[in-house]
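S.K.: A structural model of the following input is requested.
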Amino acid sequence: MLFQKVFLLAVMVLVAASFSFSQVKSTANADRRAQIRKHDPFYSEVINSLDPTNPMRMMLEAGLRGHGPHYFWMDAMKERGIKHAFFTFIFRWQTDRIVKIKLTKIVWSSQYFDAKANFTDSQTLDEIEGSDFERQIAAEAEARGIEEIKWLMTRGKKRSKLACGTISENLFDDERLPLISTNYPELDDGCKMWN
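M.R.: Residues are numbered from 1 along each chain as shown. This next block holds a predicted model:
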C-alpha cells in the first residue's frame, strides 16, 4: 500500500514537472520568435508588411525558414516587382508514370498570399506572357509539381492505375522564405470526373 502511494506521488510530481516544463518551453518559443523578429531585419520587414492572418506571416512567426538555393529567376521576379507566383497544373497518371501535365493558370502577385496584390495590368501581364522569364519559372514550378505528383501517387495507399488531378505550386522571390502551400492537390482515382 505504501509503495502504491509513493508511486502515485512520483507520477503526480512527474506530470506536474512536465506541465511546468511545457509552459517554460512555450514561453521560450515566444521569446525566440520575438528575438528572430528583433534581430533579423529581412524577416521583420516581411512579417510587418503582411496581414496577421497571412499564411506566410504565420509560418514566419512560427519560426519556419527557407534554406534552399538561390535561383536566378528569383532575381528576375524582384526586378519585375513579383514576390509570389502561383501555378496550377492538371495531370494524368497512368500505370506508374505521368502521361500528361499541363499548366492551366499563373497568378503573379506583388505580395505573398494576397489576392488584392495580384497583377491585373494588361501591359505588365503582356510583357511577362511568353517571355523567357515566364518559361523558366513555369518550368521550375512544373518540375516541383512532377515531384509532388510522384510522391502523391506512390505514397503508402494503393492507387488505381489511372488517376487525374490538379496540383498547385507557389514560388517566391527569396530563398530565405519557407516553401508553403495553401492548396491541397485534388486527385480523382480512375479519372471519372475528367473524361
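S.K.: got phi/psi on Asp174?
M.R.: Dihedral pair for Asp174: phi -150, psi 130, per degrees, to the nearest 10.
S.K.: which one is it nearest to, not counting chain neighbours?
M.R.: The shortest distance from Asp174 to any non-neighbouring residue, by C-beta to C-beta, 6 or more residues apart in numbering, is to Met74 (6.3 Å). Glycine gets a C-beta too; all of them are placed from N, C-alpha and C.
S.K.: likewise for Ala76?
M.R.: Phe133 (4.9 Å).
S.K.: mind telling me what element that neighbour is part of?
M.R.: Following DSSP states H and E, one finds Phe133 within helix 132-154.
S.K.: so what touches that helix?
M.R.: Applying C-beta atoms under 8 Å, 6 or more residues apart in numbering, the contact partners of helix 132-154 are 71-73, 76-77, 80, 85, 87, 89, 91, 93, 96, 98, 101, 103, 106, 128, 159, 163, 165, 167, 169, 171, 185, 187.
S.K.: how does this structure divide into domains?
M.R.: Here the domain parsing of the chain from automatic domain parsing is 2-61, 72-189.
S.K.: distance of Trp73 relative to Leu103?
M.R.: 15 Å (C-beta to C-beta, to the nearest Å).
S.K.: go on, Gly130?
M.R.: For Gly130 relative to Leu103 (C-beta to C-beta), the value is 13 Å.
S.K.: ok, and what's touching the longest strand seen in the chain?
M.R.: What stands out as the longest strand in the chain, according to DSSP state E, is strand 97-109. Strand 97-109 has contacts (C-beta under 8 Å, 6+ apart) with 80, 82-93, 115, 117-119, 124-125, 128, 134, 138, 141-142, 145-146, 149-150, 166.
S.K.: quick check: buried residues in the helix holding Phe133?
M.R.: 133-134, 137-138, 140-142, 144-145, 148-149, 152-153 (16 or more other C-beta atoms under 10 Å).
S.K.: what about that helix, average pLDDT?
M.R.: The pLDDT scores in helix 132-154 average 93.
S.K.: tilt between that helix and strand 97-109?
M.R.: 130 degrees (axes from the mean of the first three to the mean of the last three C-alpha atoms, to 10 degrees).
S.K.: hey, C-alpha coordinates of the helix or strand that comes right after helix 132-154 in PDB?
M.R.: Once the chain leaves helix 132-154, the next helix or strand it forms, by DSSP H and E, is strand 162-172. Extracted in PDB, the C-alpha atoms of strand 162-172 (Å, rounded to 0.1, in the frame of the first residue of the first chain):
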ATOM      1  CA  LEU A 162      -5.300   5.600 -63.700                       C
ATOM      2  CA  ALA A 163      -5.600   8.900 -61.800                       C
ATOM      3  CA  CYS A 164      -6.100  12.600 -62.800                       C
ATOM      4  CA  GLY A 165      -5.900  15.700 -60.700                       C
ATOM      5  CA  THR A 166      -5.000  19.300 -60.100                       C
ATOM      6  CA  ILE A 167      -1.900  20.400 -58.300                       C
ATOM      7  CA  SER A 168      -0.700  23.900 -57.300                       C
ATOM      8  CA  GLU A 169       2.800  25.300 -56.700                       C
ATOM      9  CA  ASN A 170       3.900  28.500 -55.100                       C
ATOM     10  CA  LEU A 171       7.200  30.200 -55.900                       C
ATOM     11  CA  PHE A 172       8.600  33.100 -54.000                       C
END
